[in-house]
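Undergrad: Fold the following for me, if possible:
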Amino acid sequence: MLRLHSAHLLLQHLLTSGTLRALHLLSQLLGLMAATRPPSMTDGLERLQCSSYWRLYGHLVLLFVLCYSPYAFYIVYTRMDFLRQNRLLLIVGCHRYALLLCAALVTLYSHTTRQLRIIAWVNKLIWCRHQLLGLLHTTRLQESARVLHTRDHLTVYALALSIVCSCSYTMFILQNDPMAHRSPMYFCSVLFFYGCQLSLQVCLSVYLLGLLMISHLTHHSNLLLAQILDDAVNIQYALLARCLPSRRRLHEAQQHWLALELWRLWRLHGQLMQLSRRLCSLHSIQLLAFVVFASTELVMHLFFSYFVTFSRWWLRKFGKPAPWNPQGSIFTVSLFVQLTLVVVQTHRLQQVFKTTRRTLREGALALPADCSKALRQTLHLYGLHLQLNERIFNLTACGLFELNNGLLFGIVQTIIIYTTILIQFDKIMNR
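TA: Model (predicted):
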């Protein structure tokens, strides 16, 4: 059984490392990352180094997107037959492509101008992982900290699968649009729009992987905190029992050692919380762009599905509804999965930090009042630090809205409302 478990962990290592390397290569090719030596999920984590070549390449990609975007938008505006069949379709579709180009430009500009800060953030996270592994004093906790949880593996696989499936709608256009076979520039423009969409998704992947790693480290710091407090309770009860002076001095020394370990864990927890805020601030513009783009994209595809099935104008012109588009449905589902993963994982990270305060409170209540002064003061300072940070700690997108589960329900509500508004416009304009 032990060998089977080790083989399963090794397989998870290889699969996750391959996924991370693929995402890192995509981020380099799209101009989003200028780092070399990508980190793997093994013990041999290395510091990232900034590459001048990839930084220059990122600026060239940004320049190309800035220059080619107007021409690509003009090509789609004048040659996409589906949009030019109806004025409402043209207005809705042009808003969709214009928003995609603006979001891609903002994402590329933000990443190319923050490369050094992003690489410094990753190196700080690697340093925190080394510090946590040095604090973990049991083999079970160390082995668990070196491997991501199965839930995190599933999140990485779901993210990678959704990125792969999101190309289905572009493939559908290239296969079924006659203009794509007649005009090479139209073909390249459609691929260009997919590249812009892919840059948004890869940027999202970088943010999500950072969230997973911080959640993983914070979860194991909570496990270590519970273990330290449990050891402190056991040592205090041993001190209350009648024992020899030498044994008593040993227990008092153990309490001082636990106070030192608790202080080091307190520092590590504060650094993880600071890294969480830093991660959100580095990606706040990209998160805002992706949330707006994903919400608008879902509204557009829901309206397109309604229009080709129930619109009176479409039924009068073609006599029957268009066949079901499975590629468009796959694209819509994959985009919503990515949006859900971002919101849910951000909310989960906030809950993990709340678990830290709950663990500290339960352990402090179980500890007798006559424990050592150093341990008692460290507990009070740790609790005060957590209480202050819980009031001011929130992960937002440019300060406009907080990334929690309530945002997901608000996005669904917004999608339904605006889809209904577009349907009402269709009923008025195409009677």
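
Undergrad: Only C-alpha atoms from now on, for both contacts and neighbour counts.
TA: Noted.

Undergrad: Show me the shaky parts of the stretch 151-300 of the chain.
TA: Flagging of the stretch 151-300 of the chain using pLDDT under 70 yields the residue ranges 235-252.

Undergrad: Can you give me the distance of Q413 to W263?
TA: Distance from Q413 to W263, counting by CA to CA, to the nearest Å: 45 Å.

Undergrad: Check whether F425 sits in a helix, strand or coil.
TA: helix (DSSP: H, G, I helix; E, B strand; the rest coil).

Undergrad: Retrieve the pLDDT associated with it.
TA: Listed pLDDT for F425 reads 83.

Undergrad: quick one: contacts for it?
TA: F425 is in contact with no residue at all, counting by CA atoms under 8 Å, 6 or more residues apart in numbering.

Undergrad: any idea how far S199 is from it?
TA: Applying CA to CA, the value for F425 to S199 is 33 Å.

Undergrad: Ok, V337 next?
TA: Remark: distance between V337 and S199 (CA to CA) = 17 Å.

Undergrad: Looking at these two, which is more packed in?
TA: Comparing V337 with S199 by other CA atoms under 10 Å, the one with more neighbours is S199, at 23 against 16.

Undergrad: Nearest the geometric middle of this protein, what residue?
TA: L208 (1.9 Å; CA atoms, centre = their mean).

Undergrad: how close does it sit to R21?
TA: Counting by CA to CA, the gap between L208 and R21 amounts to 15 Å.

Undergrad: Look up phi and psi at C398.
TA: phi 60, psi 20 (degrees, to the nearest 10).

Undergrad: which residues does it contact?
TA: By CA under 8 Å, 6+ apart, the residues touching C398 are 281, 284-285, 288.

Undergrad: let's see it at 10 Å
TA: 280-288 (CA atoms under 10 Å, 6 or more residues apart in numbering).

Undergrad: Mind listing what's buried along stretch 413-427?
TA: Taking 16 or more other CA atoms under 10 Å as the basis for neighbour counts, the residues of stretch 413-427 that come out buried are 415, 418-419, 422-423, 426.

Undergrad: For these, give me TSV that also has distance to S276.
TA: Rendered in TSV, the data for the buried residues of stretch 413-427 read as follows (distance: CA to CA, whole Å):
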residue	distance to S276
I415	29
Y418	33
T419	35
L422	38
I423	41
D426	45
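
Undergrad: Can you tell me the closest non-neighbouring residue to S27?
TA: Spatial nearest neighbour of S27, excluding adjacent residues (CA to CA, 6 or more residues apart in numbering): M33 at 5.3 Å.

Undergrad: ok, that neighbour touching H24?
TA: Yes - taking contacts as CA atoms under 10 Å, M33 lies within contact range of H24: 7.5 Å.

Undergrad: Excluding residues flanking it in the chain, which one is nearest Q201?
TA: Taking CA to CA, 6+ apart, and ignoring the residues beside it in sequence, Q201 has I163 as its nearest neighbour in space, at 6.9 Å.

Undergrad: three-state assignment of the one you found?
TA: Applying three-state DSSP: I163 is helix.

Undergrad: With V61 instead?
TA: Following three-state DSSP, V61 is assigned to helix.

Undergrad: Tell me, how many residues neighbour it?
TA: Neighbourhood size, V61 [other CA under 10 Å]: 19.

Undergrad: what's the answer for P178, then?
TA: Using other CA under 10 Å as the criterion, P178 is surrounded by 12 other residues.

Undergrad: Let me see the contact set for it.
TA: Contacts were defined as CA under 10 Å, 6+ apart; by that measure P178 touches 80-81.

Undergrad: Now the buried members of the contacts of C398.
TA: 280-288.

Undergrad: show me where the stretch 251-400 of the chain has strands.
TA: Listed from the start of the chain, the stretch 251-400 of the chain has strands (DSSP state E, counting those that start in this stretch) covering 396-397.

Undergrad: one step back: which of the buried residues of stretch 413-427 sits closest to G195?
TA: Proximity to G195 was ranked across the buried residues of stretch 413-427 by CA to CA; first place goes to I415, at 24.6 Å.

Undergrad: Could you find the closest non-adjacent residue to that closest one?
TA: The shortest distance from I415 to any residue other than its chain neighbours is 5.5 Å, reached at V299 (CA to CA, 6+ apart).

Undergrad: roughly how far out does the top helix by length along the chain sit from the chain middle?
TA: If you go by DSSP state H, the chain has its longest helix at helix 184-240. Centroid separation between helix 184-240 and its chain, computed with CA atoms, centre = their mean, to the nearest Å, is 7 Å.

Undergrad: For Q197, list the residues it contacts.
TA: Taking CA under 10 Å, 6+ apart, we find Q197 in contact with 100-101, 103-104, 163, 166-167, 191, 290, 293.

Undergrad: need these in JSON lines with distance to L62 and neighbour count, can you?
TA: Listed next are these as JSON lines, based on distance: CA to CA, whole Å; neighbours: other CA atoms under 10 Å:
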{"residue": "L100", "distance to L62": "14", "neighbour count": "23"}
{"residue": "L101", "distance to L62": "12", "neighbour count": "22"}
{"residue": "A103", "distance to L62": "12", "neighbour count": "25"}
{"residue": "A104", "distance to L62": "9", "neighbour count": "28"}
{"residue": "I163", "distance to L62": "21", "neighbour count": "21"}
{"residue": "S166", "distance to L62": "22", "neighbour count": "24"}
{"residue": "C167", "distance to L62": "22", "neighbour count": "20"}
{"residue": "L191", "distance to L62": "16", "neighbour count": "17"}
{"residue": "F290", "distance to L62": "18", "neighbour count": "23"}
{"residue": "F293", "distance to L62": "19", "neighbour count": "23"}
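
Undergrad: could those be laid out in JSON lines, adding distance to L66?
TA: As requested, the contacts of Q197 are exported to JSON lines (distance: CA to CA, whole Å):
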{"residue": "L100", "distance to L66": "13"}
{"residue": "L101", "distance to L66": "9"}
{"residue": "A103", "distance to L66": "12"}
{"residue": "A104", "distance to L66": "10"}
{"residue": "I163", "distance to L66": "24"}
{"residue": "S166", "distance to L66": "23"}
{"residue": "C167", "distance to L66": "22"}
{"residue": "L191", "distance to L66": "16"}
{"residue": "F290", "distance to L66": "18"}
{"residue": "F293", "distance to L66": "18"}
